[in-house]
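>>> just to be clear, the model below is a prediction. Sequence and coordinates:
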Amino acid sequence: MTDLHTNESPDVPATGSAGDASVTDGAPIGADAASDPGAPAADPVAQELAEQKDKYLRLYAEFENFKRRAVRDRQEAELRGMQHLLRGVLDSLDDLSRFATVDPATTDAKTVVDGVGLVHRNVMKSLAGHGLEVVDPMGKPFDPAVHEALTTASAASKDEDGLVAQVYQVGYLLNGTLLRPARVVVQQWNG
């Protein structure tokens with residue numbers, strides 16, 4: 001005779017009841033598939049998220065490399081520019097060093113002044129070739145964009161009002177950009 005109370009029927013799971021077919025070993029069906037590395041990915045959203053994260057990380061790394069390259073390129077460009085400028089001034093430095101070794105006992109003052117003037121002209125010519133421009137506004141109208149008024153002086157006539165009467169220090173422009181304003185005295189008509 002068979003025992004009616006034993007559960008050996010092939011239709012009923014061993015760990016659950018006949019009405020609870022979706023639970024095996026306490027976990028939902030399909031949970032083992034997600035944790036199994038050999039199983040195909042069941043969630044396309046998670047796969048898309050992983051792909052987007054990978055793209056983001058690669059793009060971020062590429063951008064960081066770009067920033068490092070940009071800094072390095074800017075430093076190299078500055079160095080090349082300085083080298084180009086200094087090459088132009090080297091001849092004037094050689095003239096200056098030769099002039100510095102002149103014996104003052106055997107050289108007259110006119111030779112010294114002429115030598116200094118020659119070195120100055122050579123340096124200014126070289127720097128002008130690199131875009132340096134001297135701002136010497138003597139007798140010209142005052143321009144606050146490139147001049148700095150230190151004081152005023154009285155003008156002899158109304159026509160001289162606003163003109164530069166004296167230049168204490170010349171200014172400089174480099175390719176149109178002000179490096180230093182000219183420091184001047186401006187004439188003012190008091191009537």
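Arrived safely.
>>> ok, what's across the strand from Leu132?
Assessed by DSSP bridges, Leu132 has beta-bridge partners Leu174.
>>> check contacts around Tyr56.
The contact partners of Tyr56, taken as Cβ atoms under 8 Å, 6 or more residues apart in numbering, number zero. C-beta coordinates here come from the backbone N, C-alpha and C atoms, glycine included.
>>> tell me which element it is part of?
Following DSSP states H and E, one finds Tyr56 within helix 44-100.
>>> pull the distance from that helix to the chain's centre.
9 Å (Cα atoms, centre = their mean, to the nearest Å).
>>> residues of the helix or strand just after that helix that come out buried?
Using DSSP H and E, the next helix or strand after helix 44-100 towards the C-terminus is helix 109-128. Burial within helix 109-128, assessed by neighbour count using 16 or more other Cβ atoms under 10 Å, is assigned to Gly115, Val119, Asn122, Val123, Ser126, Leu127.
>>> next: stretch 169-187.
Result for stretch 169-187 [16+ other Cβ under 10 Å]: buried residues Gly171, Tyr172, Leu173, Pro181, Ala182, Arg183, Val184, Val185, Val186, Gln187.
>>> hmm, His147 and Leu163 touching each other?
No. Using Cβ atoms under 8 Å, Leu163 is not in contact with His147, being 11.1 Å away.
>>> for Lys140, list the residues it contacts.
Leu163, Val164.
>>> returning to that earlier point: now the common contact residues for Leu163 and His147.
Joint contacts of Leu163 and His147 (Cβ under 8 Å, 6+ apart) are Val186.
>>> tell me the domain boundaries of this protein?
By the assignment in automatic domain parsing, the chain contains the domains 43-130, 132-191.
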